[in-house]
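# coords below, sequence missing:
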């Protein structure tokens with residue numbers, strides 16, 4: 001039987017490379033971590049700082065710096081960071097340069113809720129978020145007996161306001177009234193903007209945008225005390 005030496009040499013070469021890679025990986029895993037790096041996504045570290053994350057990156061009471069890469073529990077350390085109430089997502093990994101890296105995305109508040117049970121934020125995912133002693137976000141203020149059942153409506157209304165470049169400069173607060181209706185509070189002026197229930201939101205936001213631009217342009221806005229958006233296809237106003 002004739003031996004195909006080309007195949008044999010190819011097989012031996014592949015086997016040699018596999019052994020070499022395995023040896024290299026084993027040697028690399030035994031090397032110590034030389035550097036610990038924390039990266040905040042979007043360049044924001046408003047609610048947390050680097051020191052706060054460093055304190056979380058410990059296993060068995062010790063920092064991962066100088067520990068062998070083979071004993072670093074990436075999943076466990078990542079879970080510790082994720083458990084922090086200000087963290088939205090986190091990812092930890094080791095580099096070939098013996099660097100331990102943790103990328104952190106902080107939660108981003110879109111509104112601050114004042115309720116009888118205390119004050120808290122509503123984040124960009126519509127979830128309850130605690131306040132921070134490190135930073136106070138300038139966001140819409142929501143009042144009026146808000147509870148968990150109202151989060152969906154408040155989130156939808158806040159996001160609609162934030163998506164309108166003009167109105168997000170004009171509206172600074174939202175107040176829940178009876179029967180799950182809402183009223184908007186303005187930055188300038190004492191007009192009451194009666195939004196009503198959180199239905200036909202895009203239509204109401206569009207009507208309010210057009211009304212504001214027209215009355216601000218002709219300087220007639222101060223003639224009105226109430227701006228009512230609850231009626232279809234029209235804005236009903238009450239004069240002072």
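Arrived safely. This one's a predicted model, so the numbers in the text were calculated from it and none came from an experiment.

# hey, where'd the strands end up in this protein?
35-40, 58-59, 62-63, 87-94, 99-106, 109-115, 118-123, 128-129, 140-143, 171-176, 182-186, 192-196, 224-228, 236-239 (DSSP state E).

# What strands flank the last one, and is each parallel or antiparallel?
Looking back up the chat, that one is strand 236-239. Note on strand 236-239: by DSSP bridges, its sheet partners are strand 224-228 (antiparallel).

# can you give me the angle the partner strand makes with strand 192-196?
10 degrees (axes from the mean of the first three to the mean of the last three Cα atoms, to 10 degrees).

# if we can go back for a sec, could you provide the strands of the chain in TSV, with additional columns for mean neighbour count?
For the C-beta atoms, the positions are set from N, CA and C on the backbone; glycine is no exception. Listed next are the strands of the chain as TSV, based on neighbours: other Cβ atoms under 10 Å:
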stretch	mean neighbour count
strand 35-40	15
strand 58-59	14
strand 62-63	12
strand 87-94	17
strand 99-106	19
strand 109-115	21
strand 118-123	17
strand 128-129	18
strand 140-143	19
strand 171-176	20
strand 182-186	20
strand 192-196	20
strand 224-228	17
strand 236-239	12
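
# got these as CSV, with distance to residue 75 and mean pLDDT columns?
What follows is the strands of the chain, written out as CSV (distance: least, Cβ to Cβ, whole Å; pLDDT from 0 to 100):
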stretch, distance to residue 75, mean pLDDT
strand 35-40, 17, 91
strand 58-59, 11, 87
strand 62-63, 17, 84
strand 87-94, 8, 94
strand 99-106, 12, 93
strand 109-115, 28, 94
strand 118-123, 24, 94
strand 128-129, 25, 95
strand 140-143, 37, 96
strand 171-176, 40, 95
strand 182-186, 43, 94
strand 192-196, 45, 93
strand 224-228, 53, 89
strand 236-239, 58, 77
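
# Contact partners for residue 53?
By Cβ atoms under 8 Å, 6 or more residues apart in numbering, the contact list for residue 53 reads 38, 81, 102, 104.

# what's the closest of these to residue 175?
residue 104 (34.3 Å; Cβ to Cβ).

# from memory the closest one sits against residue 44, does it?
No - counting by Cβ atoms under 8 Å, residue 104 sits too far from residue 44 to count as a contact (9.6 Å).

# beta partners of residue 192?
The partner residues for residue 192, given DSSP bridges, come to residue 226.
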